[in-house]
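A.B. asks: Below: sequence and its predicted model.
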Amino acid sequence: MPSQYSGVTVVAKANIYFDGNVVSHTVILPGGEKMTLGIIRPGSYHFGTAAPEGMRIVAGACRVKLDGSEATTDYGVGGNFEVPGNSGFTIDVAEGLCEYVCSFLS
């Protein structure tokens, strides 16, 4: 994934979750695909998914547990994971900010 995106549309209104501890903005790519760029403050948060998602960590670190799994996996910069549709995951950030790019997979 690139570290910079050109020729995109950014939705100004933020997506705000968990009392402002997770904040993202929607980016629409030239072909109409949507993705989000965001930050996660320290804490533990559960997200549900309707469609499959791919998450890439671009700064900071986190620990992730996919729904239906007992295993947790640590991710740092450059780490990525996929979450099936109609599922979910719990993401834990121990300190600092975790920055991510979320792509919606088809």
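C.D. replies: Received the coordinates, thanks. Numbers count the residues shown, from 1 in each chain.

A.B. asks: Can you show me the strands along the protein?
C.D. replies: In the chain, the strands defined using DSSP state E lie at 9-10, 15-17, 22-28, 34-40, 43-49, 53-59, 62-66, 73-75, 80-83, 87-93, 98-104.

A.B. asks: Which elements pack onto the first one?
C.D. replies: Meaning strand 9-10. strand 22-28 (3 or more Cβ pairs under 8 Å, 6 or more residues apart in numbering; DSSP states H and E). Quick note: C-beta positions are derived from backbone N, CA and C, even for glycine.

A.B. asks: Show me what counts as buried in the strand it packs on.
C.D. replies: Residues Val22, Val23, Ser24, Thr26, Val27 are the ones in strand 22-28 that count as buried (16 or more other Cβ atoms under 10 Å).

A.B. asks: ok, now stretch 99-106?
C.D. replies: In stretch 99-106, counting by 16+ other Cβ under 10 Å, buried: Glu99, Tyr100, Val101, Cys102, Ser103.

A.B. asks: So the fourth one sits against Met55, correct?
C.D. replies: Yes. Counting by Cβ atoms under 8 Å, a contact exists between Cys102 and Met55, whose distance comes to 5.4 Å.

A.B. asks: hmm, back to that, can you put the strands of the chain in JSON lines and add distance to Pro2 and mean pLDDT?
C.D. replies: Shown next, in JSON lines, are those (distance: least, Cβ to Cβ, whole Å; pLDDT from 0 to 100):
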{"stretch": "strand 9-10", "distance to Pro2": "15", "mean pLDDT": "96"}
{"stretch": "strand 15-17", "distance to Pro2": "21", "mean pLDDT": "97"}
{"stretch": "strand 22-28", "distance to Pro2": "12", "mean pLDDT": "97"}
{"stretch": "strand 34-40", "distance to Pro2": "11", "mean pLDDT": "96"}
{"stretch": "strand 43-49", "distance to Pro2": "23", "mean pLDDT": "97"}
{"stretch": "strand 53-59", "distance to Pro2": "10", "mean pLDDT": "97"}
{"stretch": "strand 62-66", "distance to Pro2": "21", "mean pLDDT": "98"}
{"stretch": "strand 73-75", "distance to Pro2": "19", "mean pLDDT": "98"}
{"stretch": "strand 80-83", "distance to Pro2": "14", "mean pLDDT": "96"}
{"stretch": "strand 87-93", "distance to Pro2": "23", "mean pLDDT": "98"}
{"stretch": "strand 98-104", "distance to Pro2": "9", "mean pLDDT": "96"}
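
A.B. asks: Understood, closing this out.
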